[in-house]
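*Asks:* coordinates only, sequence not included:
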């Protein structure tokens, strides 16, 4: 079974917590860490933006990515939310077994 970590930025902790709670309850993710104090500098519609955000670190199965991406997009206030995944090459067997058990599929 393949596992991934997904990075998602959100405008604030409240929005991130709402998204996190939903995707964990729906078993699209096993765990979401919310990191406050992220500063994002990015290009948007011809301007350079500089905004405070929070970063969500989502742990899940690769097979759930498309459903997870759709659900996050449905809940997210941004028109183009950052949703990017990275494969987990290795991890503790106990943690990965737990992740397998608490997510769908």
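*Replies:* It's in. Keep in mind that this is a model prediction, so the values were computed, not measured. Numbers count the residues shown, from 1 in each chain.
*Asks:* quick one, phi psi at residue 63?
*Replies:* With angles defined as degrees, to the nearest 10, residue 63 sits at phi -60, psi -20.
*Asks:* next one: the closest residue to it other than its chain neighbours from residue 28, what distance?
*Replies:* Leaving aside its chain neighbours, residue 63 sits nearest to residue 105 (5.6 Å; criterion: Cβ to Cβ, 6 or more residues apart in numbering). All C-beta atoms are positioned from the backbone trio N, CA, C, and that covers glycine. Distance of residue 105 to residue 28, computed by Cβ to Cβ, to the nearest Å: 10 Å.
*Asks:* ok, residue 1 next?
*Replies:* 15 Å.
*Asks:* the two: which has the busier surroundings?
*Replies:* More crowded of residue 1 and residue 28, by other Cβ atoms under 10 Å: residue 28, with 24 against 11.
*Asks:* wait, the more buried one touches residue 67, no?
*Replies:* Yes. Using Cβ atoms under 8 Å as the test, residue 28 is close enough to residue 67 to be in contact (5.8 Å).
*Asks:* overlap in contacts of the two?
*Replies:* residue 104 (Cβ atoms under 8 Å, 6 or more residues apart in numbering).
*Asks:* in the lengthiest helix in the chain, what's buried?
*Replies:* Longest helix of the chain, by residue count under DSSP state H: helix 13-25. Using 16 or more other Cβ atoms under 10 Å as the test for burial, helix 13-25 gives 15-16, 19-20, 22-24.
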